[in-house]
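> Sequence and computational prediction follow.
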Amino acid sequence: MPSAAQDVQRKMESLREKIRHHERLYYVLDRPAISDAEFDRLMRQLKQLEAEHPDLVTPDSPSQRVGGKPREGFVKVPHSSPMLSLDNAYNEQELRDWERRVRELAGHSDIEYVCELKLDGLSMALRYARDEHGKSKIVLGITRGDGSVGEDVTPNVKTIRSVPLSIAAATLKKAGLPQEFEVRGEVVMPLKAFERMNEERERQGLAKFANPRNAGAGAIRVLDSNITAERRLDFYSYFLLVEGRTFLDRQAAALEALSTTGFKVNPNWRLAKNIEEVWRFISSWEQKRDSLGYEIDGVVIKVNDTRLWRELGFTGKAPRWAIAYKYAARSGLTQIEDIQVQVGRTGKLTPVAHLRPVPIGGTTVSRATLHNLDEIERLGARIGDWVTVERGGDVIPKVVSVVEDKDHPRGTKRFHMPERCPECGGHVVRVEGEADHRCVNANCPAKLRESILHFASRSVMNIEGLGDALVNQLCNRGLVKNVADIYRLTKPQLMDLERMGDKSAQNVLDEIEASKALPLERVIYGLGIRFVGERTAQFLAEHFGSMDDLIEAATLKDEAASIAKLEEVEEVGPRIAQSIREFFEEPRNRKLVEDLRKAGLTFKGRKKERGTKLAGQTFVLTGTLANYSREQAKKLIEEAGGRVSGSVSKKTGYVVAGADSGSKLDKARELAVKVIGEKELTDLLGN
Ligand code: IVH
């Protein structure tokens, strides 16, 4: 063999090995080590080479199969018909080429297409069968697995609220469906649920998931369906099969039938009369994708007439009657030109990578967060390194990995955390046991600026117009020394600032005035109490019902009693309680709150009424309960005034043990905490 050919072969084999390795990490172990975009790039490289050298394609090449092998521990179930994958188009030309082939094969040009969003989740097949009462009930939920055999995850999918558990015979009849059928679609984790879950994991010191897709995959492949339920997954359906075949003769009709039957269908689908309309759909969603509450990675285009599907057939593992148009990767490769430090409202120093500008998903990215020194060390990132940067949803771009084979080229420089705050020269300290470095100067101008920006931001007091430029001027001129000063600003003061006319000054004043009507939880959130985020502020407002009651609880003479009162609030533990107390004990903060009251902000809310039956009692749930999901049990206990905690301590009142209880039960015995069963819990709840 000539050596050039040998080179190609070696290169292909090495790519295959790499891909196999990452496939295993991703599909089998749910522990991906590289971004999806990077993985796609490897696969494309391989496919490209294989296309150029078809004689060198091996049957075991990762390009020759659909997905990963199902993992041990679940029962394997064959699919009624293969769950296929789709070919991808990465640009307009590839899309048009596909469409031309469709027209050629169909022998005419009058073809309609259904455009659907390509949800970035896991595909799933749900089977329904008639039960003894004449209804159709879900009998199986199967993952895609390797495309021909999947894993039975029925108990887990049943926890997804958008999956109907049963459907009345009359409903099926109305939609024209038989009682035995199969629905295929995508399980996704909404962004809100994803963020919440990662916050929770951070609190517990667990590793965070890289993206909603992996988090969703993890949640579906657990043996304890309580955990799936807590992850708040969603299911969007897009295929309807009867006896393993498409049932209706239009895809649009199938989507409509699924909707009428009670399945969740993503509402953003459109019938397109021609490729121009398809292209418009694709372009418009590329702009709007950040406004969805879940991630999409492209658009799936399907021939509407399903009778044509049979005629068009398949190429390898993918149908010719559909294609996935993939949006530009949300990650890119670039070089760190510098690492600079940014000071936040709590004084936290965040290292920010200044990058050689790189286009990612429609915008140019030139900065990305590195979070903290630990993260820089974990990544092994140095100034001058080549890195992968990812941008998802509306989050700040972040450096996700250092590219290995360009690791630390000559001339790269290590980053050192400064000993002095870059904004004020104040001392920088790192508190024992914390990852963050902080500027300890209480009067650091950066803290003031950032706390004002936080207060004015959309999710807090929503004061439009009070952005970077204005806040900088207000702080520099000493017009604003704390958030209450915002409410004392006058029109002449504002008009005296750069680029401020009569009209824009009035707009800002109107916005400030309007913010006074926002509810109590926003004001609490706006105070910037450490560890009190949007959710905690909401719980505090609901629990105390007014700023005064919150302050009273936080400033009781008896510290232990005060902390205990604060810990009665949902999701408030010792650390948050301590921080709230410290905040309100500080005279300057009390003065600030009084100033806000005088300015006319909302200090009263609505108390969420709770029972008192279990007041002051802490419960820990473990194992599987027969009659409640863990979420339900938690809700009932909390509604009765009790608290549910994740771990057993001496302060735990009861451990509620269901089937297959594990280490928490051992711990309860060790600490002599009372263990009760489901029946006793029901008795305590009094239902
Ligand atoms: S159709 C043969 N429709 O994308 C038909 N798939 O790359 C394949 N996906 O495995 C499925 N949204 O997990 C279809 N509206 C949609 C989709 C969708 C997301 C996923 C699905 C599939 C993968 C193919």
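Good, I have the coordinates. Numbers count the residues shown, from 1 in each chain.

> List the contacts of residue 668.
620, 648, 652, 655, 657, 674, 675 (CB atoms under 8 Å, 6 or more residues apart in numbering). From N, CA and C alone the C-beta is placed, and that goes for glycine too.

> Check residue 161 too.
Residue 161 neighbours (CB under 8 Å, 6+ apart): residue 234.

> mind checking which helix or strand it is in?
Using DSSP states H and E, residue 161 falls within no helix or strand.

> now it: how far from residue 520?
29 Å (CB to CB, to the nearest Å).

> Could you list the residues of the stretch 201-350 of the chain in contact with the ligand?
238, 300, 319, 322, 324 (CB under 6 Å from any ligand atom).

> Please flag which of the residues you listed sit within helices.
With DSSP state H as the criterion, helices contain none of these.

> Same list, the residues you listed, but as TSV with neighbour count and distance to residue 170 please.
Shown next, in TSV, are these (neighbours: other CB atoms under 10 Å; distance: CB to CB, whole Å):
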residue	neighbour count	distance to residue 170
238	24	24
300	19	32
319	17	34
322	21	33
324	17	37
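
> Those: which two are farthest apart?
With CB to CB as the measure, no two of these lie farther apart than 238 and 319, at 13.4 Å.

> confidence score at the residue lying closest to residue 454 once chain neighbours are set aside?
Distances taken as CB to CB, 6 or more residues apart in numbering put residue 345 closest to residue 454, at 5.3 Å, once the chain neighbours are dropped. You'll see residue 345 listed with a pLDDT of 90.

> Would you mind measuring from residue 345 to residue 456?
12 Å.

> Equivalent analysis for residue 307, please.
For residue 307, the distance to residue 456 - CB to CB - is 58 Å.

> swap in residue 32?
Distance from residue 32 to residue 456, counting by CB to CB: 38 Å.

> Look at those two and report which has more neighbours.
residue 456 (24 against 20; other CB atoms under 10 Å).

> Show me what the top helix by length along the chain is packed against.
Using DSSP H to assign secondary structure, the helix with the most residues in the chain is helix 3-23. Counting contacts by 3 or more CB pairs under 8 Å, 6 or more residues apart in numbering; DSSP states H and E, helix 3-23 packs against helix 36-52.

> Could you list every helix and strand in contact with the helix it packs on?
Packed next to helix 36-52, using 3+ CB pairs under 8 Å, 6+ apart, are helix 3-23, strand 386-390.

> gap between it and the chain center?
Relative to its chain's centre, helix 36-52 lies at 27 Å (CA atoms, centre = their mean, to the nearest Å).

> average pLDDT across that helix?
Computed over helix 36-52, the mean pLDDT rounds to 82.

> in the stretch 251-400 of the chain, what spans have low per-residue confidence?
Counting by pLDDT under 70, the stretch 251-400 of the chain contains low-confidence residues at 361-362, 392-395.

> show me where it has helices.
Using DSSP state H, counting those that start in this stretch, the helices found in the stretch 251-400 of the chain span residues 251-261, 275-288, 306-312, 373-379.

> and the helices and strands packed on helix 36-52, which is most packed in?
strand 386-390 (a mean of 23; mean count of other CB atoms under 10 Å).

> residues in contact with it?
So strand 386-390 is in contact with 34-35, 37-38, 330-336, 353, 355, 358, 360, 365, 368, 379, 381, 397-403, 406, 409, going by CB under 8 Å, 6+ apart.

> out of these, which are inside strands?
Judged by DSSP state E, the subset of those located in strands is 331-336, 353, 355, 358, 360, 365, 368, 398-402.

> Residue 118 - that's part of a strand, no?
Yes: membership of residue 118 in a strand is supported by DSSP: H, G, I helix; E, B strand; the rest coil.

> Test of understanding: give the bridge partners of the closest residue to residue 121 other than its chain neighbours.
Among residues not flanking residue 121 along the chain, residue 188 sits closest, at 3.6 Å (CB to CB, 6+ apart). Taking DSSP bridges as the rule, residue 188 bridges to residue 234.

> ok, residue 188 touching residue 118?
No: with contact defined as CB atoms under 8 Å, residue 188 does not reach residue 118; the gap is 11.0 Å.

> Looking at the two, which one has more neighbours?
residue 188 (26 against 23).
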